[in-house]
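J.: what shape does this take:
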Amino acid sequence: GTPRDRYNNLRQLHEVLAGDAQAKERVDVAIEMARLAQDVLGARDLAVDAWRRVLADEPGHASAFKALKQHYETGERWHAEVELLNQKIALFGPDEVGPTVDALFELAEIYRDPDKLNMVDMVIATHRRIREISPTNTRALDSLAQSYKDTERWPELVNVLRDKVTQTDDPKELLEIFSE
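T.: Below you'll find the predicted structure:
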């Protein structure tokens with residue numbers, strides 16, 4: 001049969017494999033579906049659907065995450081990428097601060113970029129999330145300060161600058177803060 005027939009057969013097989021006992025087989029079939037869809041059929045939507053099936057059974061599957069992220073970026077599907085990043089963030093444990101912060105910065109960049117979502121309130125909310133789990137993160141503080149300046153939210157800016165002052169003993173850095 002044709003590659004399209006093969007894909008349809010794989011999809012039917014995937015749907016018959018039910019229950020936790022067959023999750024591994026479902027993942028294997030979904031990966032095969034995704035590769036066939038993207039590499040042979042050139043069908044991005046089918047590939048996305050198949051990679052989502054992989055994540056449904058194995059939420060931390062790195063290849064599926066990477067492939068979906070790439071499909072979303074190529075297709076400029078920013079809201080879908082935001083949802084994907086939030087799913088990834090939800091998988092991190094409370095002790096995985098570094099990877100969580102990295103993913104949150106990635107999320108903030110999608111919100112900040114004028115060619116993507118350009119949502120300053122979400123940039124601010126995301127940097128606040130970073131501060132909740134990493135209170136001394138200077139990059140988040142600096143980004144919050146810049147966002148507050150850009151949106152002329154002076155009381156919030158004063159609070160962030162106050163936080164920056166309490167976190168440094170460096171006279172040069174203090175002078176920079178006061179010159180803001």
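J.: so how far is residue 141 from residue 81?
T.: Between residue 81 and residue 141 the computed distance is 25 Å (C-beta to C-beta, to the nearest Å). Quick note: C-beta positions are derived from backbone N, CA and C, even for glycine.
J.: comparing these two, which residue is more hemmed in?
T.: residue 81 (22 against 19; other C-beta atoms under 10 Å).
J.: tell me which helix or strand the residue nearest the centre of the chain sits in.
T.: In the chain, the centroid-proximal residue (C-alpha atoms, centre = their mean) is residue 85; its distance is 2.1 Å. Assigning secondary structure by DSSP states H and E places residue 85 in helix 78-91.
J.: counting by contacts, list what that helix packs against.
T.: Here helix 78-91 touches helix 62-74, helix 97-112, going by 3 or more C-beta pairs under 8 Å, 6 or more residues apart in numbering; DSSP states H and E.
J.: 10 Å - rerun?
T.: helix 44-57, helix 62-74, helix 97-112, helix 120-133 (3 or more C-beta pairs under 10 Å, 6 or more residues apart in numbering; DSSP states H and E).
J.: contacts for it, please.
T.: The contact list for helix 78-91 (C-beta atoms under 10 Å, 6 or more residues apart in numbering) reads 48, 51-52, 55, 59-60, 62, 64-65, 68-73, 75, 77, 96, 99-104, 106-107, 110-111, 113, 115-119, 122, 126, 129.
J.: quick one: buried residues of it?
T.: 78, 80, 81, 82, 84, 85, 88, 89 (16 or more other C-beta atoms under 10 Å).
J.: could I get that helix in PDB with only the CA atoms?
T.: Below are the C-alpha coordinates for helix 78-91, written out as PDB (Å, rounded to 0.1, in the frame of the first residue of the first chain):
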ATOM      1  CA  TRP A  78       2.600  30.400  19.500                       C
ATOM      2  CA  HIS A  79      -0.400  29.600  21.800                       C
ATOM      3  CA  ALA A  80       0.200  25.900  21.200                       C
ATOM      4  CA  GLU A  81       3.900  26.300  22.000                       C
ATOM      5  CA  VAL A  82       3.000  28.200  25.200                       C
ATOM      6  CA  GLU A  83       0.700  25.300  26.200                       C
ATOM      7  CA  LEU A  84       3.400  22.800  25.400                       C
ATOM      8  CA  LEU A  85       5.900  24.700  27.600                       C
ATOM      9  CA  ASN A  86       3.400  25.000  30.400                       C
ATOM     10  CA  GLN A  87       2.900  21.200  30.200                       C
ATOM     11  CA  LYS A  88       6.700  20.700  30.400                       C
ATOM     12  CA  ILE A  89       6.900  23.100  33.400                       C
ATOM     13  CA  ALA A  90       4.200  21.200  35.200                       C
ATOM     14  CA  LEU A  91       6.300  18.000  35.000                       C
END
